[in-house]
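Enquirer: got a predicted structure here, sequence first:
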Amino acid sequence: MARIAAHHAEHGARASAPDALACAPELITLYNDAYRPLIGGKPDVLGRPFLEVWGEARDTIAPQVAQALAGEALRFESVSFMLLRGGRPEEAFFDYSFSPVRDETGTIAGVLNTAIETTGRVGAERKRVEAASALRASEDRQAFLLTLGDAMRAQSRANGVIEVAARLLGERLNASGIMFAEFDESRGIADMFYGWFADGAEPFPAVMRLDDYEGPVLNDLRAGRTVRIEDTGDPRIRRPDLAAVAEPGVKALLSVPLMVEGSFRVNVSVHQHALGPKLSPTMPRNSGSRPLSRARLAAAPSVCCHLD
């Protein structure tokens, strides 16, 4: 034990190295001043069993301490622990090692734990990665919008604007279907004037009765709110309007409304079916020759920024 205490005193003199010594067989804890901030206000640490001191990390470190007691030196980098600090759980990251400590006879009599907290470094790296990812996403989005704008301006026909917008959005979003519909509240119908669907996906009918879709989905669209449905078959939100949406095989839905003079007139919906990624353009039944109203013409450029 004297040899262990001397070892602790020697390492304790290295103020820059946060060290703790777990003395076998009870793994009694000794530590230097540099190790104290890592403890985070834990009471009565000195003299307590090491695995008891770090009880919230026991599942991770107990096997590592056992390996060190068996003679193996271990080192780990930027490992996440959920520690109790000031009575609260707090995620912290550490570079740390466990090394066997031998007594004067050469017998392993304890384990040296050297630990350096890297929480600040890890947090800074996360922010850097997130910022870089956000920048790449922004640049990618802008590139797509430029491509979309160029393709739409190149069209000489009104129908061509809608068609190219649907095709590029479908490819961009890897969707099963893109649907453009004009709503006529006075007649109680929605008229799908263009659709782009994956191979094998059942298109929506060319004309939809609004009564079949009454509910929160239509209410949100009428209020100008984008609708996002993660799972139309979610048993927690069974509703007639979702059942109507799901009938042709739609599993997930993103629908963006276009308001004209304060009224809901046109929406663009992105559908996801349980299909493969291969997509191809398909016109809806009996929809190709219908004339485009001003609201319809405005739909493609107005919603593309919302969908991407």
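Expert: It's in. Numbers count the residues shown, from 1 in each chain.

Enquirer: quickly list what residue 74 is bridged to.
Expert: residue 98 (DSSP bridges).

Enquirer: residues near it, how many?
Expert: For residue 74, the neighbour count with other C-beta atoms under 10 Å is 16. The way it works is simple: take the backbone N, C-alpha and C, and place the C-beta from them, glycine included.

Enquirer: for the most centrally placed residue in the chain, what are its contacts?
Expert: Nearest to the geometric centre of the chain sits residue 130, at 11.6 Å (C-alpha atoms, centre = their mean). In this structure, residue 130 makes contact with no residue, judged by C-beta atoms under 8 Å, 6 or more residues apart in numbering.

Enquirer: in this protein, where's the longest helix?
Expert: Secondary structure of the chain per DSSP state H: the longest helix is helix 119-153.

Enquirer: look at the nearest residue to residue 34 once chain neighbours are set aside and say how many residues are nearby.
Expert: The shortest distance from residue 34 to any non-neighbouring residue, by C-beta to C-beta, 6 or more residues apart in numbering, is to residue 18 (4.2 Å). Close neighbours of residue 18, defined as other C-beta under 10 Å, add up to 23.

Enquirer: same question for residue 27.
Expert: For residue 27, using other C-beta under 10 Å, the count is 19.

Enquirer: how close does the nearest residue to it once chain neighbours are set aside sit to residue 64?
Expert: Once flanking residues are discounted, residue 27 sits nearest to residue 50: 4.3 Å by C-beta to C-beta, 6+ apart. Residue 50 sits 11 Å away from residue 64, going by C-beta to C-beta, to the nearest Å.

Enquirer: which one's more surrounded, these two?
Expert: For residue 50 versus residue 64, neighbours defined as other C-beta under 10 Å are more numerous around residue 50 (25 against 18).

Enquirer: give the contact list for the more buried one.
Expert: With C-beta under 8 Å, 6+ apart, residue 50 has these contacts: 20, 22, 27, 28, 29, 65, 111, 113.

Enquirer: same list, those residues, but as a markdown table with secondary structure, distance to residue 209 and pLDDT please.
Expert: Below are the contacts of residue 50 laid out as a markdown table (DSSP: H, G, I helix; E, B strand; the rest coil; distance: C-beta to C-beta, whole Å; pLDDT from 0 to 100):
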| residue | secondary structure | distance to residue 209 | pLDDT |
| --- | --- | --- | --- |
| 20 | strand | 72 | 97 |
| 22 | strand | 73 | 97 |
| 27 | coil | 73 | 97 |
| 28 | strand | 78 | 97 |
| 29 | strand | 73 | 97 |
| 65 | helix | 69 | 98 |
| 111 | strand | 74 | 98 |
| 113 | strand | 70 | 98 |
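
Enquirer: which of these sits closest to residue 214?
Expert: residue 65 (63.7 Å; C-beta to C-beta).

Enquirer: neighbours of the closest residue to the closest one other than its chain neighbours, how many?
Expert: Setting aside the residues directly before and after it, residue 65 is nearest to residue 111 in space (C-beta to C-beta, 6+ apart), at 5.5 Å. Using other C-beta under 10 Å, residue 111 has 26 other residues around it.

Enquirer: does residue 111 really touch residue 21, like I thought?
Expert: Yes. Residue 111 lies in contact with residue 21 (C-beta atoms under 8 Å); the separation is 7.4 Å.

Enquirer: now the common contact residues for these two.
Expert: residue 101.

Enquirer: ok, the residue nearest to residue 108 when sequence neighbours are not counted - contacts?
Expert: Excluding its sequence neighbours, the residue lying closest to residue 108 (C-beta to C-beta, 6+ apart) is residue 100, at 4.7 Å. For residue 100, the contacting residues are 68, 69, 70, 71, 72, 73, 108, 110, 111, 112, by C-beta under 8 Å, 6+ apart.

Enquirer: before we move on, what about residue 252?
Expert: 229, 230, 231, 232, 271, 272.

Enquirer: which strand or helix spans residue 218?
Expert: Residue 218 is part of helix 216-222 when elements are defined by DSSP states H and E.

Enquirer: what residues sit buried inside that helix?
Expert: By 16 or more other C-beta atoms under 10 Å, the buried positions in helix 216-222 come out as 217, 218, 220, 221.

Enquirer: repeat that for stretch 120-131.
Expert: Buried residues in stretch 120-131 (16+ other C-beta under 10 Å): residue 122.

Enquirer: what does stretch 64-73 give?
Expert: Buried-residue list, stretch 64-73, by 16+ other C-beta under 10 Å: 64, 65, 68, 69.

Enquirer: ok, now stretch 172-184?
Expert: So stretch 172-184, judged by 16+ other C-beta under 10 Å, has buried residues 172, 175, 176, 177, 178, 179, 180, 181, 182, 183.
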